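# Whatever this is, show me its structure:
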Amino acid sequence: MAVPKKKSSRSRRNMRRYSAAYQLDPISETTCQFTHTPVRAHTVSIKAIKEGLFEARKKTKSKTTSANA
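Okay, here's the model as predicted:
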């Protein structure tokens, strides 16, 4: 098993942990296609839902095969 020769300081450890690789990506914004207000990507504004401009898709049951068939 690999063992370090010297102890890493708290500062170096924290710099490694909180480097750019661990940072969150910036939130991308788009416009709602119904109300043209800024919203997060792949979402619809609450205003569009309340006014009835947007209706969610209904979930459909997938075809399953039965054991007897």
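
# all strands in this structure, in order from the N-terminus.
Secondary structure of the chain by DSSP state E: the strands cover 29-31, 38-40.

# Please identify which of these is closest to residue 8.
strand 38-40 (37.9 Å; C-beta to C-beta). Where C-beta positions appear, they are placed from N, C-alpha and C, glycine not excepted.

# Can you list the buried residues in the closest one?
Applying a neighbour-count criterion of 16 or more other C-beta atoms under 10 Å, one finds residue 39 buried in strand 38-40.

# repeat for stretch 22-42
Here stretch 22-42 shows 32, 35, 39 as buried, counting by 16+ other C-beta under 10 Å.

# Do I have it right that the last one meets residue 28?
No. Using C-beta atoms under 8 Å, residue 39 is not in contact with residue 28, being 10.5 Å away.

# overlap in contacts of these two?
By C-beta atoms under 8 Å, 6 or more residues apart in numbering, residue 39 and residue 28 have no common neighbours.

# Helices of the protein, start to end?
Assigned helices in the chain, in chain order: 10-17, 46-50 (criterion: DSSP state H).

# what's the most buried one of those?
For the helices of the chain, average neighbour numbers computed from mean count of other C-beta atoms under 10 Å are highest in helix 46-50, which has a mean of 14.

# packing partners for that helix?
Here helix 46-50 touches no other helix or strand, going by 3 or more C-beta pairs under 8 Å, 6 or more residues apart in numbering; DSSP states H and E.

# Which of the buried residues of stretch 22-42 lies at the shortest distance from residue 7?
residue 39 (48.3 Å).
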